[in-house]
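# next comes the sequence, and after it the predicted model I'd like to discuss.
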Amino acid sequence: MFSDSYFTIKEASQGVFKDRGSKFLAYAFPAVNENEIKEHLSALRKEHPSARHHCYAWRLGAGKEAWRANDDGEPSGTAGKPILGQIQSNDLTNILIVVVRYFGGTLLGASGLINAYKSAAAEAIKNSVIEEKFIMFEYETEFSFDDMNDVMRILKENECKIISQDYAESNRIIFRVKKKDSEKMLAQFTAVYKAKINYLKTI
């Protein structure tokens, strides 16, 4: 990952494109995992049971490492790929865009379909609020009571966000730190010899 942040949409948005009787309803959703994506797709299929196609594309991960495009019965490459292209050209991630098509009786041809799905997705993005989010690394630390002041000072200095704390059997804190502050934070932890720190995941 070369960047310290990424762009996504703040909340769900919609867009509409019409061509020769066919209506293309675009829905953009923020999403962080495939379960959320499945829920959105299922809800839209229930909302639009008579629509001929529910084409979509999504991209997930702070590093934009996971993505998929689905034509849902349209000719290969005419629906999912143009939707994904709009996600990529706007440099977005953690996003799902679904375009629901109601057929108007006139065949649009491959170029017409590509333009329709691209335009509908673009409308949904244009109507959304795009926000920058910082890439966060999640860590777990275990430490003695003697080191508690040092550990808490390090977390405060690096603006770490504490996710959970457990002082029952051992002193254990799960926290998140911005990627750009992680090297400094780790270097400070090495000075606290008895404190253990383990990387958990990237957010």
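Yes, it's here.

# longest helix in the protein, please.
Looking across the chain with DSSP state H, the single longest helix is helix 109-126.

# regarding Lys64, what is its secondary structure?
coil (DSSP: H, G, I helix; E, B strand; the rest coil).

# count of residues packed around the residue nearest to Ile125 when sequence neighbours are not counted?
Closest residue to Ile125 apart from its sequence neighbours, by C-beta to C-beta, 6 or more residues apart in numbering: Asn90 at 5.5 Å. To be clear about C-beta, it is placed using only N, CA and C from the backbone, and glycine gets the same treatment. Asn90: 16 surrounding residues under other C-beta atoms under 10 Å.

# ok, now which ones touch Asn90?
7, 125, 130 (C-beta atoms under 8 Å, 6 or more residues apart in numbering).

# of those residues, which is the most crowded?
Ile125 (21 neighbours).

# what's the domain layout of this protein?
According to automatic domain parsing, the chain is divided into the following domains: 5-132, 135-202.

# can I get the longest helix of the chain in CSV, CA atoms only?
What follows is helix 109-126 as a C-alpha-only set of coordinates in CSV (Å, rounded to 0.1, in the frame of the first residue of the first chain):
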residue,chain,number,x,y,z
GLY,A,109,-26.5,-2.9,-28.8
ALA,A,110,-23.2,-3.4,-27.0
SER,A,111,-22.0,0.3,-27.3
GLY,A,112,-25.4,1.5,-26.1
LEU,A,113,-25.4,-0.8,-23.1
ILE,A,114,-21.8,0.2,-22.1
ASN,A,115,-22.8,3.8,-22.3
ALA,A,116,-26.0,3.3,-20.3
TYR,A,117,-24.3,1.3,-17.4
LYS,A,118,-21.4,3.7,-17.4
SER,A,119,-23.7,6.8,-17.3
ALA,A,120,-26.0,5.4,-14.6
ALA,A,121,-23.0,4.5,-12.4
ALA,A,122,-21.5,8.0,-13.0
GLU,A,123,-24.8,9.6,-11.9
ALA,A,124,-24.9,7.6,-8.6
ILE,A,125,-21.3,8.7,-7.9
LYS,A,126,-22.0,12.3,-8.8
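
# circling back to that earlier point, what would the contacts of Asn90 look like in JSON lines with pLDDT and distance to Pro75?
JSON lines is the format used below for these (pLDDT from 0 to 100; distance: C-beta to C-beta, whole Å):
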{"residue": "Phe7", "pLDDT": "97", "distance to Pro75": "31"}
{"residue": "Ile125", "pLDDT": "98", "distance to Pro75": "24"}
{"residue": "Ile130", "pLDDT": "97", "distance to Pro75": "31"}
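
# tell me the one of the residues you listed nearest Lys179?
Lys179 lies nearest to Phe7 out of these, by C-beta to C-beta, at 15.0 Å.

# can you list the buried residues in stretch 50-64?
Using 16 or more other C-beta atoms under 10 Å as the test for burial, stretch 50-64 gives 51, 53-62, 64.

# pLDDT-wise, what's the bottom of those residues?
Among these, Ala62 has the lowest pLDDT, at 87.

# any idea how far apart the tips of stretch 101-116 sit?
End-to-end distance for stretch 101-116, by C-alpha to C-alpha, to the nearest Å: 10 Å.
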